[in-house]
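Build me a structure from this.
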Amino acid sequence: MLPWKRVLRPLAALLLTAAAVTVPATTAQAAAPSAGWNDYSCKPSAAHPRPVVLVHGTLGNSVDNWLGLAPYLKVRGYCVFSLDYGQLEGVPFFHGLGPVEKSAGQLKDFVDKVLAATGAAETDVVGHSQGGMMPRWYLRFLGGAAKVNALVGIAPSNHGTTLSGFANLLPYFPGAADLLAKNTPALADQVAGSDFLERLNAGGDTVPGVRYTVIATKYDEVVTPWRSQYLSGPDVRNVLLQDLCPVDLSEHVAIGLLDRIAFHEVANALDPERARPTTCASAFD
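Numbers count the residues shown, from 1 in each chain. As a prediction, the model looks like this:
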C-alpha cells in the first residue's frame, strides 16, 4: 500500500463515522435494560457508603459499556448506576456524541437523581474514555466537587487525542474539522488542542476535595499518546496497567469492557482503605 493511502484510510474512517452516525438508524435496537444495577431501591452499606455512577465512552451506552464492570462492583456490595448521555437525534444506540459540555449537565442531573434515591451525600464516578474526562467539567464548573468523592478514569481522554497522529492531519483536509464539529461534537471536543479542552484544563487538571485515579494502557490506540491521559495535581494517582501486570495486552476498548485487572484497580480506587495489591493474578479474583 502506498504511504499516502496509509494516512488517508484511518482519516477517512474517522470522517465516515462522523457522517454515518447522524443517519437515522431504522433497524438499530436500543440497549436492553441493565440487569443487576440501576436499582433505585439500593441503599449503600456501611462498608460502601457511596453509590457508584458509571459513565460510558464515546459511541457507548449505559449497558454495553458496563457488562463487565457493573456486575463486578455489584457483587462486591456496591450500589451501581449508569446513565446514557450525549445522544444525537435519530441515533438510538450510539451515545456520547453530543457536545461534552452539555453531556456534563446530563451527568449533573443523573448524580442528583442517584443521591436523592439512595440518601447518600456523595457518589463516586467511574468513567471510560470520554466518560473519564467529561465528569471533570461537572466537577469544575457545575458544582460536582461537592457531590463526588472520587473520579476514576479508565483510559480517559483528559488532554484529548491525536488518534495516533491522524487528528493532526485535519487542517490539511478543508471542511474535515467542521464536519466533525457539526455532526459529532464530542469527537471534535476530544481532539488534542480543542477549545473545549483548553477551557477544561486551564488553571490545572484537578479541583480540591476530589480524589483522582487514572488507569491507562500503553497499548491504547484511541487516546494517544497514552501518557496524555494522566492528570497532574494533588490527590492524583496515575496507574499504567502494564506496571501492574506486564503481560496484560488490553487496548482502549478491552481495558474498559473486560479487563478484570483494571477492574481490581478500580475497586482499590473506590475503597483505598481496603485496597489489595493488583497483579496478574487479580484477573481471577
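
quick one: Trp137 and Asn268, what's the gap?
Noted for Trp137: a distance of 26 Å to Asn268, by CB to CB, to the nearest Å. In short, each C-beta sits where N, CA and C put it, glycine included.

need the helices for the protein, in chain order.
Assigned by DSSP state H, the helices in the chain fall at 3-20, 69-74, 100-118, 130-133, 135-141, 176-183, 185-189, 195-201, 241-244, 252-257, 260-270.

List the contacts of stretch 276-285.
Contacts to stretch 276-285, defined as CB atoms under 8 Å, 6 or more residues apart in numbering, come from residues Leu244, Cys245, Pro246, Val247, Asp248, Asp259, Arg260, Ile261, His264, Glu265, Asn268.

of those, buried ones?
By neighbour count, with 16 or more other CB atoms under 10 Å, these hold Leu244, Cys245, Asp248, Asp259, Arg260, Ile261, His264, Glu265, Asn268 as buried.

Nearest to Ala104, out of those: which one, please.
Ala104 lies nearest to Glu265 out of the buried ones among the contacts of stretch 276-285, by CB to CB, at 24.8 Å.

quick one: contacts for the closest one?
Shown in contact with Glu265 (CB under 8 Å, 6+ apart): Thr213, Ile215, Val239, Leu241, Leu244, Thr278, Ser282.

Excluding residues flanking it in the chain, which one is nearest it?
Leaving out its chain neighbours, the residue that sits closest to Glu265 by CB to CB, 6 or more residues apart in numbering is Thr278, at 4.8 Å.

got any ranges where the stretch 1-150 of the chain has weak pLDDT?
Applying pLDDT under 70 to the stretch 1-150 of the chain flags residues 1-35.

Enumerate every residue touching Tyr78.
Pro44, His48, Pro51, Val52, Leu270.

which residues touch Pro156?
If a contact means CB under 8 Å, 6+ apart, then Pro156 has Gly127, His128, Ser129, Gln130, Gly131, Gly132, Met133, Val214, Val223, Gln229 as its contacts.

Since that was my last question, I'll sign off now.
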